[in-house]
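Trainee: Predicted model and sequence below, questions to follow.
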Amino acid sequence: MSLTINSFDSNSINTLFSSIPQKGTGMIGIENLLGDYSSIRTGSYSKLLSAYYAKFGDDGIDKSDKTVKSKDTAEYSSVEKVATNLLDATNSLLDKSSDLWKKKSYTDDEGNTKSDYDKNAVYGAVKDFVDAYNDLVDKGQKSSNTGILTQVASMVTSSSSTHATLGQIGITIDTKNHLAVDEDFFKNKADMTTVKSLFTGNGGYAYSVASKASMVKSYANNALSDLTGKKTYTNSGSYDLSAGDILSSFNIST
């Protein structure tokens, strides 16, 4: 003979079990069971479960935490990307022996053979640097990471302290700390010797900016590693250097 629990209310169930001896904690267990049953009947369990899964989801992780983590991951990924872009743009300028800095022979309007830098190519490389620099300023100054903020501020300070020399080749700094390069001035009035001194070799302006971009990338990579639990690798397959390692390798003051 089977018993259908739905045919009883909680009072009936209490009556049914009233003859069971109360020994130790046995009756407490029965009372808890009755309480659970009452919660199921009134819908309390359903409400609690709905509230739980609305907040935590099937995996038991607080959805608000996952939203913050996703936002932070997107932020650091974006910063890492623009820092890499700036490093790439800087690397194309730094090497004095690259074709970019080799003079080319050309014939002027009067038929004379002359030798000069390919100013269109040099301007294009400097413009790429300026655009990447501005992107990192925009992304970096919005970061919640102190290391990233510090390095971007140091990068801006480096540009500010070099503004007079940058102005000699047509590069100015606006109120948003963005660089701007005047194409006509750069191609027709800028002294290429000054351009080369700013953007090539160790210890110059571009080198200083590259050191800070490397530090920014390192901080972003480390933050991503903390969020995802995964190490970020370089193209060569080795781990990215830590911020301290990079600072030591450049051996320059900020």
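Mentor: Looks like it arrived, so ask away. Residues are numbered from 1 along each chain as shown.

Trainee: which intervals of the protein have sub-threshold pLDDT?
Mentor: Scanning the chain with the threshold set as pLDDT under 70 gives 1-70, 229-254.

Trainee: for it, which helix is longest?
Mentor: The helix that spans the most residues within the chain, counting by DSSP state H, is helix 63-94.

Trainee: which is the next helix or strand following that one?
Mentor: Using DSSP states H and E, the helix or strand that follows helix 63-94 in sequence is strand 104-107.

Trainee: mind exporting that next one as CSV, just the C-alpha atoms?
Mentor: Extracted in CSV, the C-alpha atoms of strand 104-107 (Å, rounded to 0.1, in the frame of the first residue of the first chain):
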residue,chain,number,x,y,z
LYS,A,104,68.3,57.3,-52.1
SER,A,105,69.5,58.8,-55.4
TYR,A,106,67.0,60.8,-57.4
THR,A,107,67.0,63.4,-60.2
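
Trainee: who touches it?
Mentor: With C-beta atoms under 8 Å, 6 or more residues apart in numbering as the contact definition, strand 104-107 has outside contacts at 113-118. No exception for glycine: its C-beta is placed from N, CA and C like everyone else's.

Trainee: Let's have these in a markdown table, adding neighbour count, distance to Y76 and secondary structure.
Mentor: Listed next are those as a markdown table, based on neighbours: other C-beta atoms under 10 Å; distance: C-beta to C-beta, whole Å; DSSP: H, G, I helix; E, B strand; the rest coil:
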| residue | neighbour count | distance to Y76 | secondary structure |
| --- | --- | --- | --- |
| T113 | 8 | 53 | strand |
| K114 | 11 | 49 | strand |
| S115 | 9 | 47 | strand |
| D116 | 11 | 43 | strand |
| Y117 | 17 | 38 | coil |
| D118 | 16 | 37 | coil |
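
Trainee: Pull up the gap between D88 and L136, please.
Mentor: For D88, the distance to L136 equals 12 Å [C-beta to C-beta, to the nearest Å].

Trainee: Pick out whichever of those two has more residues nearby.
Mentor: Shown here are D88 and L136; by other C-beta atoms under 10 Å, L136 has more neighbours (27 against 13).

Trainee: Please name every helix or strand in contact with the helix or strand harbouring that one.
Mentor: Using DSSP H and E, L136 maps to helix 119-140. Packing partners of helix 119-140 (3 or more C-beta pairs under 8 Å, 6 or more residues apart in numbering; DSSP states H and E): helix 63-94, helix 146-161, strand 179-181, helix 183-188, helix 192-199, helix 205-228.

Trainee: Most tightly packed of the ones you listed?
Mentor: Sort the helices and strands packed on helix 119-140 by mean neighbour count, taking mean count of other C-beta atoms under 10 Å, and helix 205-228 sits at the top with a mean of 22.
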